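Enquirer: Fold the following for me, if possible:
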Amino acid sequence: MSQGKNLSRRQFLKLTAATGAAALGANVARPVSASVGVTRDNVPAMLIDLSRCVGCGNCQRSCNEANNLHPTTEQLKGLSSQTYTYVEQRDLEGDKTRWVKRQCMHCLDAACASACPVSALHKTPEGPIAYHAKRCLGCRYCMVSCPFGVPRFDWNNGLTPEIRKCMFCIERQRAGEGPACAVNCPSGALKVGTRAELLKEAHARIAANPKVYVDHVYGEQEAGGTAMLYISDVSFQMLGFRTDVTTRPLPAYTWDVMSKLPAVVGGLAVVLTGASVITRRKNGHHDDTPPWERTEEHQ
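Expert: This is a model prediction of the structure:
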């Protein structure tokens, strides 16, 4: 059996045991506070004005280049392990078309970071939710807990599991540069600043153009507040946004649920992952679509 292509029985059992330990670790995890190093007002944020988006795709291409991503044609159709930013086309009644930028929402009280038993996903001192790949056990509690369905598991990397998502270009921001997507937006649909500044501007735009904008800033209250803030001239429900997200910070819910999950859940998750890895490697498949989301074209 050659290393890197085949999963040995010993490696498979070790991986299963590790994830079982992760599930036990969740019993001592605690909600991550939004006050780690920043306040709700000065946390870095982005205002996304959907009325100004022209669907050029520059943000997605810039994100791929900045993060050294190489998505396949299939992966370009949505968020994936190789697509951190996705511009979704929404065709509406009356021949209207709107373009919606999707990425991690960078919640102020992040459920994914709260659910992670080893702090692989964590809130940085600056605010964005970042990731330590070497800590990750592949339990995927972050995927279960995220109300926006953002984190993606790298299914091609079963022995060294990784969760992939937008990091809000944290390294670029530390170097004094703006997020790649915003820097390369030609239409002014994306603007970066502190959350307080952007909320003020969002409400000012709505007040100045009440017949144009929906009177709502998506992300101001959803999930306890997010760093990604949207305004739109079309209802958010029509654009596929979740409108049933609680306004209460989610880590409290996460703790209530995750502390009661039995360790076997984590073990089962890795068993299924291992089985998927073995099957796909035997068949020469390299599709990062989770088994439960696959259609016939993925088989």
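Enquirer: which residues of this structure score low on pLDDT?
Expert: Residues of the chain that meet the criterion pLDDT under 70 lie in 1-37, 157-159, 250-299.
Enquirer: got a list of contacts for stretch 192-205?
Expert: Here stretch 192-205 makes contact (C-beta atoms under 8 Å, 6 or more residues apart in numbering) with 40-47, 49, 178-179, 182, 191, 213, 217, 220, 225, 227, 229, 231. Backbone N, C-alpha and C define where each C-beta goes, glycine included.
Enquirer: List buried residues within those residues.
Expert: With neighbours counted by 16 or more other C-beta atoms under 10 Å, the contacts of stretch 192-205 contain buried members at 40, 43-47, 49, 178-179, 182, 191, 213, 217, 220, 225, 227, 229, 231.
Enquirer: Show me those residues that map onto strands.
Expert: P44, A45, M46, L47, D49, K191, L229, I231 (DSSP state E).
Enquirer: Just the closest of those residues to G127, please.
Expert: Taking C-beta to C-beta as the measure, P44 is the one of these closest to G127, at 5.4 Å.
Enquirer: what's the closest non-adjacent residue to that closest one?
Expert: G127 (5.4 Å; C-beta to C-beta, 6 or more residues apart in numbering).
Enquirer: And V43, by the same measure?
Expert: In space, V43 is closest to G127, 3.8 Å off (C-beta to C-beta, 6+ apart).
Enquirer: Would you mind confirming that the one you found is in contact with A110?
Expert: No: G127 lies out of contact with A110 (C-beta atoms under 8 Å); the separation is 10.1 Å.
Enquirer: which of these two has more neighbours?
Expert: Set G127 next to A110 and count neighbours by other C-beta atoms under 10 Å: A110 wins out with 31 against 25.
Enquirer: Not counting its own residues, what contacts stretch 216-226?
Expert: 34, 40, 105-109, 111, 147-148, 195, 199, 202-203, 206, 227-232, 236, 241-242, 245-250.
Enquirer: List the contacts of the residue nearest to V43.
Expert: G37, V38, V43, P44, H106, L108, A227.
Enquirer: who's the fourth one bridged to?
Expert: Read it as P44. T194 (DSSP bridges).
Enquirer: can I get the ones in strands among the buried ones among the contacts of stretch 192-205 in TSV with distance to C139?
Expert: TSV is the format used below for those (distance: C-beta to C-beta, whole Å):
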residue	distance to C139
P44	28
A45	29
M46	29
L47	34
D49	37
K191	36
L229	30
I231	36
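Enquirer: Tell me the secondary structure at L198.
Expert: helix (DSSP: H, G, I helix; E, B strand; the rest coil).
Enquirer: before we move on, back to that, D154: which of the ones in strands among the buried ones among the contacts of stretch 192-205 is nearest?
Expert: Of those, the one sitting nearest to D154 (C-beta to C-beta) turns out to be M46, at 25.1 Å.
Enquirer: My guess is the closest one contacts L190. True?
Expert: Yes: applying C-beta under 8 Å as the test, M46 and L190 come out as touching, 6.1 Å apart.
Enquirer: Quickly list what's touching both of those two.
Expert: In contact with both M46 and L190: A182, using C-beta under 8 Å, 6+ apart.
Enquirer: rewinding a little: which element is the residue nearest to P44 on?
Expert: Assigned by DSSP states H and E, G127 falls within no helix or strand.
Enquirer: what's the distance between M105 and A204?
Expert: Computed as C-beta to C-beta, to the nearest Å, the M105 to A204 distance reads 22 Å.
Enquirer: OK, contacts around the nearest residue to C112 once chain neighbours are set aside?
Expert: Excluding its sequence neighbours, the residue lying closest to C112 (C-beta to C-beta, 6+ apart) is C142, at 3.8 Å. Contacts for C142 (C-beta under 8 Å, 6+ apart) come out as A111, C112, A113, A115, C116, L121, P151, I163.
Enquirer: rerun that using 10 Å as the cut-off
Expert: 110-116, 120-121, 129, 131, 136, 150-151, 153, 163, 165, 254 (C-beta atoms under 10 Å, 6 or more residues apart in numbering).
Enquirer: Which of M105 and A204 has more residues huddled nearby?
Expert: Higher neighbour count among M105 and A204: M105, with 25 against 10, using other C-beta under 10 Å.
Enquirer: Find the residue closest to the more buried one in space, skipping its chain neighbours.
Expert: M105's closest residue in space is T226 (C-beta to C-beta, 6+ apart), at 4.1 Å.
Enquirer: That neighbour: neighbour count?
Expert: 26.
Enquirer: who's it bridged to?
Expert: C107.
Enquirer: quick thing: my sequence starts at 25, can you match it?
Expert: All right, first residue 25 from here; so that's T250.
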